[in-house]
Each structure stands twice: as structure tokens, then as C-alpha cells.
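[1] Sequence first, predicted coordinates after that:
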Protein chains: 2
Amino acid sequence: MGKNTFIVIGGVAAGMSAASKIRTIDTDSQITVFQKNGYVSYIACGIPYFIEGKIPSSSKLVAYDAQFFKEKRDIDVHLHHEAVKIFPSAKTVLVRNAATGEEKEYSYNRLLISTGATPVLLPIKGHDFKGIFSVRLLEDGIAIQDYMAGKSPKRGLIIGAGSIGLEMAEAFSERGLSVTVVEKMPDILGSMDDEINEVVEEELNNKGVTLLKSMGIVEFVGDSSGVKRAVLENGEAIDTDIVIIGMGIKPNVEIARQAGIELGQTGAIRVDEHMRTNLPDIYSAGDCAEAYHLVLGRNVYMPLGTTANKQGRVAGENMAGGKARFSGIVGTSIFKIFDLEVGRTGLTEKEAKLEGKDYVANVIDQFSRAHYYPGATKIRVKLLAENKTGRILGAQMVGKEGVAKRLDVFATALSTKMTVRELANLDLSYAPPFAPVYDPILIAGNELLKKLAG
Amino acid sequence: MGKNTFIVIGGVAAGMSAASKIRTIDTDSQITVFQKNGYVSYIACGIPYFIEGKIPSSSKLVAYDAQFFKEKRDIDVHLHHEAVKIFPSAKTVLVRNAATGEEKEYSYNRLLISTGATPVLLPIKGHDFKGIFSVRLLEDGIAIQDYMAGKSPKRGLIIGAGSIGLEMAEAFSERGLSVTVVEKMPDILGSMDDEINEVVEEELNNKGVTLLKSMGIVEFVGDSSGVKRAVLENGEAIDTDIVIIGMGIKPNVEIARQAGIELGQTGAIRVDEHMRTNLPDIYSAGDCAEAYHLVLGRNVYMPLGTTANKQGRVAGENMAGGKARFSGIVGTSIFKIFDLEVGRTGLTEKEAKLEGKDYVANVIDQFSRAHYYPGATKIRVKLLAENKTGRILGAQMVGKEGVAKRLDVFATALSTKMTVRELANLDLSYAPPFAPVYDPILIAGNELLKKLAG
């Protein structure tokens, strides 16, 4: 038997994690990564901070480049190479070189589909004016930065009030732009609950960001120099010098679907806990794939960088003959908006309702440090638990400090199916600079206990 | 049957938590608290920050005063009243009024011993000069502040390099004193491991604090105006204007012992999970009592404010007829020393060795935020696990930010007897301002996994 041949389609978080993991196990194999665009292993989550100016150079957002992978890990990375078709029976992939247009077929023993996701578009009139951007590829970040350098925009328009949209609102605002965020839905931040959103909206307002909810855009107006204006559903128009489309992402599954790979109900690629698809020797991981949600007990589509990294590592280990298991997610996510940390894990109340859960929920506002210690500031915690069992269903937090890693206590509790009573009794760290004697986590637990049946 | 009569000996964290809890359940009862000194419900942990000047007034350290408890909760607080003897058969307590010297016997249906702890003394020649203080009572804090106001000390000497000693070293240093810390043992911070201590010692050094280890004090020299000098074991002397004795505390158990109440092997009062002593209708909680350690599986003496509060609440609920359970501790503690957060939960390696555990340990240094995000700084994490089972035994952390509440993830993991593998797969929060894509917690887990047998 000759050496193993591994092909990885898509070389960002999941793909390069997998390729690197394979290399540590199967030192003799041939590993080839095809990347549609010009960068591998870049950190998309950092783009808003690059725009904001907190990160001086886009190169800081490239963890490792193609040369590193070749020289240090003997992984062949082909940039600007798009995989166009998979032939599962032949175990080959047809790949197009974007520079030359040349197509070539490559054989694999095992294949990873880590094609990632693509921004949801807004295909309205004028959508192709210059100055209208998504925030997804490193190229997007560089293009935005270049456009701003050339235009010195005074006004920015963000379409979509999810976390990326709000991060970009912050970035523009910190760059001195007057910012408007337009959200089609009545609520910001997807299924985040109102008690959290109202704090976020207040922060946006305090920072001078205009937020329009339940409002669509019907047309962009501009000229050859770029976008000038967006026309709203109500006929009004917003003058703007730059537009960000932050309406979410959808998994890149076309190549998988055409190959007969099963998609889940979410539309993303269905994988088992070993990151296998339904076809032999074909794995998938990252933003194109589903992830098992431990609280819901089913696969969901919640594309995040942490999950992509972990799934990629698991896929790589198994492709190289291992038996690794991806333990699933609990739905943890966090972002910063101006001076606020905003996070969630598990289910929100909106989600618990949709799921038909019999739950109790409670909201508290408690200090991040001892109340008498300088810098103490209120954190809002919303906690949900299943009524009958007392099992925690989810937590949301917002505050100026101490949210991000406190949230991880809830995430840990969710992973172990902890009850509210157990949570309320945890032996958490206390010292006046860091927490009140009863941490907000414990108070959230104690207060929710009072609402539990029995 | 008449109304219930509850007596609480000692009115700080445990005592006032219990009294308040009793009142919420048994609204009709008579609740009497005897407090030896002049304050109840004060926050001893805040004293170093009061000295440092971060808290403007000692009144900020009194959560509620005696009048509040009388008026709002109908709890009789007798300040400057010392319980001198318990008569378990008669169910009475003999109490001395410190002002008048008068003694009086009080009857109880149920009694709580929450007598707290007393600083370990250094009974050497000159120990009673003015300017030599412990840091325990609110009166201590006020006396130190007054002495400093009168003396404008230039030099401070701290005896004992535990967390209180180091917090006081910071307080003095921030007040402009030149500070020396003398520690009798070869190590600072008790059983904290060397990899953590070396970071702390470097910080002390950076901030100009002199640390002498393995060094005892044999005599204080001074005059009627106060202490002037401390003579070391090696014959050398250290000039100083003020001395803090921070050599730890011992439980106040004399009144309990005399009443026939059983002490544990630690010397503190033995209690069960309902906070009952061996004598009927007598409970104990707080710094005079033991606590069940979930990792060790036995009672320990680890007096901390959080535990005292929780134990007091459990004792109160049960004294009022409930069936509450104190779930135990995992040995979590944290403190700040200058720019560092230093914490531990579970066992240190020194402790694991003493316990004869078959363990693996690993130390990592990882960034608190994405490495490219401004303010990212390295956190050191030392993680221990049982070799055969992979069960986590303990974690220690030190760093400039992001330690305190990350530690709580380990504390939560310890409470649920989590394995390293489970820890390494947790779905923790990630965004560049708050964590790297693999949080230091996950990296600590992944690296330790590699060392585990099998």
C-alpha cells in the first residue's frame, strides 16, 4: 500500500485544523488543500477590529500562510483553486485553477469538505455599486480598508443587526463615521431575548448609532464612484458613503449536494460525531456543516470559529485513522459592542418557546465586583431552566465587564446537564476586585430556584 | 407551643446569613445575635482595599448595621456581647456584656455557633508595641488607617506571605511605603505551586516589594510611640514604621469544645452537610467550622467568605425547620496582587503529592485574548488530573486579566467530577476581545490530555 492521499476543500479554520492534525498522525501521507481565494488560515472574526484600526495590519489576521504549511508541515496548499466537482465513486475531485482556468482531477483516499459559508446577499437594484461590502473573506476586509482610505467616508450604513453588523457599526463609529444600522426583523441579534437587546440598543443609542428595526432596503443609488444612498421600504432614503451587508451566512454545500452528500434539515452538511458524511471516506467540518447541539439534542447550523477548529481537528484525526468524537456544542457565542460584552449559551427564551419547553426564566442585575470596589458595574443575567427537572436550558448576559468568561461557567454547566440547584451551590471564586461574595452566577441561580415548581 | 427562640453567636458572614434566613422562614420567631465586637455583617476581605485607599470609608465595608437588622428584619443584635459558655442540656448560653461586665443567661431552641476565627499571633518579645496589627476585624482596619494617618509611615513590614499578607503589601506599597514581606516558610502562598509563585514573586520584585523567605522574626524593637524595628532570626534587623501580622487564622472553637461539641481533625468544628454539630439543636457555620471538600472527599478547614455565607444560609434554613444541604467546596480562592490575578481551585501539585494521588500535571502560558487583539496578555494555567480516570484534580492560574472567572470554569468542572477530555471539548465563548479561538482553558485541557496514560 502506498502512502495515503488526503484532499481538503477549503483551507480556513476547519480545513487547516484537519490538515495539520492529519500530518501529526500520518507523517508520510500526501495532504493537499484547495482554497478558492487567496488566503488560508485567516481569522475572519478579527476583520471588524482591523477596520476599526485596533489591528494595524491584515497580516495579523493570517495565522499561518501557505508557505508555512508547505515548509513546516509538508501540506500542499493551492490558493485560488476551486474544487468544482467531487466524484465519490472514482474518489477524485475536479479542481479549477482560477488564474489559468485549467481544470484537473485529483485522487484522494479521504476527503474533507470544509467549504465554509457565504454571506447572504441582498440582490436588489444597485447591489453591485462600489462601496457595498460583505465581511467574510480577508479580501473583504482589505477591500473595505482600501475603499475607506480612498474615500474617507463620513457616513456608514450597516444592513443587518446581528453580531457582525454591530461589530462593524462599532468599527465605523470608532473611525468617526456617522452610522445607521437597518434591520429587517423587529428584533436585533436574532433570537436573543429582549432584556438583553434593550441594553444593547441603549448602548448603540449612547454611542450615536441610529438603529432602524422592521425596515427593509429596496434599492441602492449611486454612480461610478460608488454607492451614495439606500432607499428604504417606506420610501425614505439614507445617504451613505459605504454599506456593509451583514445579513448572516449560508453554508457552501453545492459541491457536496451534487456529489450526493446528504444535507441536514438546516441545509448544512449532515455529519455524525466523527465528522463523517453519508458517503464513505468523505468528511465535513466547519461553517458548511451542522453541529450537534447538546441542549436541543439534535443537529443545528450555528457556524462559529471555535466549532470549526474543533470539528476540523476531529475530522483530521479520524481521516488519519483515529476515533475522535466531536462532543457537540451548547450554543455559546459572545461579541463586544462598544463598551458592552454580550453573550449567550444554550437556549434563549424565544428559542425555548419555539421548542415548546416547559421552562422558567429570570433576569437579574448584579455587580461584576464587590459593590464597594472601584469599577464595579452591573451585569444583567437571564437564566432559563426546565421546570420539571430544574435542568439549566440557557443563559444570556450583558455588561461592561466580566461577562465573557462568566458565560463559560454556564456553558460548562450546560455541557454537564447541571440543575439550577447545583449551579447555585458552586464554589466560585471571590475577592472584592473580581466578584461580589455571591457571584452574579450564583444569584441568578438562587433567584431562578425560587421560581421552579416544587 | 410558644414562638421559637434562636441564638446566633457571632454576627459576621455566617451568623447574619443564618439569622436573616431564619427570619424569612420563621417570621414569628425571636432571633438574637451576640457579637463580641462592635460591628456585624462587615466585609473583612475589603480591609486591604480600605487601607490602600480604594474604598473611601470603612462604612462601605459594613453590609448592614445592627439597626438595620433590628428595624428591617426584627433580629436583635447585641454588640460587644461575648458568649462565654454554652449549656447544651439546659439549652442556654451565658453572655457577658463587655461594657458593663454583666453576665446573663439566654435560652434557645436552636443555637448557631458562628464564632469565626482569630489571627495566629506572633508571641515574641515586643509583640505588643503600637503599630503591630492583624487584619481581621473591621476595628483592625480602622486602627491601621488611624495609625497611618497619625504616623505617615515610610516603611511597612508584612509577616506572612499568604494572600492577606500580599494584599497588605500591595496596599502599603500603593500608599507609598517601602515594603518588606517576611515569610517563615520556604514558599509563599501556602501550598500554591512554584510555577505560580514565581510569577507572583516577579511581580512583587517589579513593584519594589522585598521578599524574604525561610526567615523568622525573633523580636520587635520600639518605644512608647510604636514599633521601630524587627529583628530577624539571622540577627539582622529591619527598620519599620508599621507591622502587619498575616500568618493565617485559627478557628474560634473554645466555647464549642467546652460544651462538648466535637471538633474535626482540622481543629475546627465538625459539621454535617446540614451544618449540624454532634449536639442536638446546635449548628455551626463559617470560619469556625469545617467544610466538606468535594475533591478530597473529606472535611477540611478552608475559611473563606463565600463558604461562610453559604453555610450560614444553609444553617439558618435548617434551624428554621428546613432540609437544606451545603454541597461542599472545591477549594476555590483568588486574590489580586498589584497587576496580577492569582487563583486556585481543587488541589495543587504539592497537595496532590501529599495526598498520594497518581496524577499528571501540566503548565501552559496562553493569551487572554486573541493574540493580535490589543491588551492580550499571557495567562499561566497549571492543570492536574488523576492519571487513571482522567478526572480533573485542580487548577491554578495567574495573569494580568481573565483569570478570576476563567478559574470558575475549572471550579464548575471539579464540582461535576469532569474529566480532562470533557474539559478540552467544552463549548466556551470566543471573540477576539475576550479569548483566543482555543481558550487557555481548552489548551490546558488538550495539553494535559497528551500526558494522560492510555
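    That came through fine.
[2] contacting residues for the most centrally placed residue in chain A?
    Most central in chain A under C-alpha atoms, centre = their mean is residue A:304, positioned 3.3 Å from the mean C-alpha point. When contacts are counted by C-beta atoms under 8 Å, 6 or more residues apart in numbering or on different chains, residue A:304 is found next to A:329, A:333, B:430. The C-beta positions use only the backbone N, C-alpha and C, and glycine is treated the same way.
[3] from memory the first one sits against residue A:291, does it?
    Translated: residue A:329. Yes: applying C-beta atoms under 8 Å as the test, residue A:329 and residue A:291 come out as touching, 4.9 Å apart.
[4] Residues in contact with both of the two, list them for me.
    The overlap between the contact sets of residue A:329 and residue A:291 (C-beta under 8 Å, 6+ apart) consists of A:300, A:302, A:307.
[5] before we move on, what SS does the second one have?
    Read that as residue A:302. Under the three-state scheme (DSSP: H, G, I helix; E, B strand; the rest coil), the conformation of residue A:302 reads as coil.
[6] Pull the number of nearby residues for it.
    Other residues within reach of residue A:302 by the criterion other C-beta atoms under 10 Å in any protein chain shown amount to 17.
[7] what bridges to residue A:379?
    For residue A:379, the beta-bridge partners under DSSP bridges are residue A:366, residue A:399.
[8] Can you tell me whether I have it right that residue A:243 is in a strand?
    Yes: the assignment for residue A:243 (three-state DSSP) places it in a strand.
[9] wait, it sits on residue A:222?
    No: checked against C-beta under 8 Å, the pair residue A:243 and residue A:222 is beyond contact range at 9.4 Å.
[10] Give the buried residues for stretch A:9-27.
    Residues A:9-23, A:26 are the ones in stretch A:9-27 that count as buried (16 or more other C-beta atoms under 10 Å in any protein chain shown).
[11] Would you mind listing the two of these that lie farthest apart?
    Within the buried residues of stretch A:9-27, A:12 and A:26 form the most distant pair, 21.6 Å apart (C-beta to C-beta).
[12] show me where the stretch 101-250 of chain A has helices.
    Counting by DSSP state H, counting those that start in this stretch, residue ranges of the helices within the stretch 101-250 of chain A are A:138-151, A:163-174, A:194-206.
[13] got a list of what residue A:15 touches?
    When contacts are counted by C-beta under 8 Å, 6+ apart, residue A:15 touches A:8-9, A:33, A:35, A:40, A:112, A:114, A:285-286, A:312.
[14] Quick check: which of those has the minimum pLDDT.
    For those, the least confident position by pLDDT is residue A:40, scoring 94.
[15] where does the stretch 301-450 of chain A dip in pLDDT?
    Counting by pLDDT under 70, the stretch 301-450 of chain A contains no low-confidence residues.
[16] what are the ranges of the strands in it?
    Ranges of strands within the stretch 301-450 of chain A are A:333-337, A:340-346, A:359-367, A:378-386, A:392-399, based on DSSP state E, counting those that start in this stretch.
[17] can you give me the angle the second one makes with strand A:333-337?
    Looking back up the chat, that one is strand A:340-346. Between the direction of strand A:340-346 and that of strand A:333-337, the angle (axes from the mean of the first three to the mean of the last three C-alpha atoms, to 10 degrees) works out to 170 degrees.
[18] And for strand A:340-346, what's in contact with it?
    Strand A:340-346 has contacts (C-beta under 8 Å, 6+ apart) with A:163, A:189, A:192, A:196, A:199-200, A:203, A:295, A:330-336, A:384, A:392-404, A:407-408, A:410-411, A:414, B:427, B:429, B:433-434.
[19] So for it, what gets flagged as buried?
    By 16+ other C-beta under 10 Å, the buried positions in strand A:340-346 come out as A:340-346.
[20] Please name the residues that touch residue A:233.
    With contact set as C-beta under 8 Å, 6+ apart, residue A:233 has these partners: A:215-218.
[21] Just the buried ones out of those residues, please.
    Taking 16+ other C-beta under 10 Å as the criterion, what is buried in the contacts of residue A:233 is A:215-217.
[22] now those residues as a markdown table including pLDDT and distance to chain B?
    Supplementary listing: the buried ones among the contacts of residue A:233 in a markdown table, determined by pLDDT from 0 to 100; distance: C-beta to the nearest C-beta, whole Å:
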| residue | pLDDT | distance to chain B |
| --- | --- | --- |
| A:215 | 97 | 27 |
| A:216 | 96 | 28 |
| A:217 | 97 | 27 |
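[23] Just the ones in strands from those, please.
    Secondary structure defined by DSSP state E assigns residue A:217 of these to strands.
[24] Among the buried ones among the contacts of residue A:233, find me the one that's closest to residue A:168.
    Closest approach to residue A:168 among the buried ones among the contacts of residue A:233 (C-beta to C-beta): residue A:217, at 15.6 Å.
[25] Tell me, how many residues neighbour the closest residue to that closest one other than its chain neighbours?
    Closest residue to residue A:217 apart from its sequence neighbours, by C-beta to C-beta, 6 or more residues apart in numbering or on different chains: residue A:230 at 5.0 Å. The burial count assigned to residue A:230 is 25, neighbours taken as other C-beta under 10 Å.
[26] Roughly how far does residue A:230 sit from residue A:106?
    44 Å (C-beta to C-beta, to the nearest Å).
[27] thought residue A:274 was touching residue A:311?
    No: the pair residue A:274 and residue A:311 does not pass the contact test of C-beta under 8 Å, sitting 10.3 Å apart.
[28] More neighbours: these two, which one.
    Counting neighbours by other C-beta under 10 Å for residue A:274 and for residue A:311 shows that residue A:311 has the greater number, 28 against 16.
[29] residues touching that one, list them.
    Applying C-beta under 8 Å, 6+ apart to residue A:311 gives the contacts A:14, A:17, A:271, A:275, A:285-286, A:289, A:291, A:326.
[30] again, 10 Å this time
    For residue A:311, the residues meeting the contact criterion (C-beta atoms under 10 Å, 6 or more residues apart in numbering or on different chains) are A:13-14, A:17-18, A:112, A:114, A:271, A:275, A:283-287, A:289-291, A:326, A:329.
[31] Just the ones of these in helices?
    Using DSSP state H, the members of those that fall in helices are A:13-14, A:17-18.
[32] can you narrow these to ones near chain B?
    Applying C-beta under 10 Å from any C-beta of the partner chain, the subset of the ones in helices among the contacts of residue A:311 adjacent to chain B comprises A:13, A:17.
[33] ok, the ones in helices among the contacts of residue A:311 vs chain B, which is closest?
    Closest approach to chain B among the ones in helices among the contacts of residue A:311 (C-beta to the nearest C-beta): residue A:13, at 7.3 Å.
[34] hang on, the earlier thing: from the shared contacts of residue A:329 and residue A:291, pick the one nearest chain B.
    Sorting these by distance to chain B puts residue A:307 at the head of the list, at 7.5 Å, by C-beta to the nearest C-beta.
[35] That closest one and residue A:288 touch, don't they?
    No: at 11.7 Å, residue A:307 and residue A:288 do not qualify as touching, with contact defined as C-beta atoms under 10 Å.
[36] what touches both of these two?
    Overlap between the contact sets of residue A:307 and residue A:288, as judged by C-beta under 10 Å, 6+ apart, is given by residue A:14.
[37] The two - which one has more neighbours?
    residue A:288 (30 against 25).
[38] which intervals of the stretch 1-150 of chain A have sub-threshold pLDDT?
    Ranges of the stretch 1-150 of chain A meeting pLDDT under 70: A:1.
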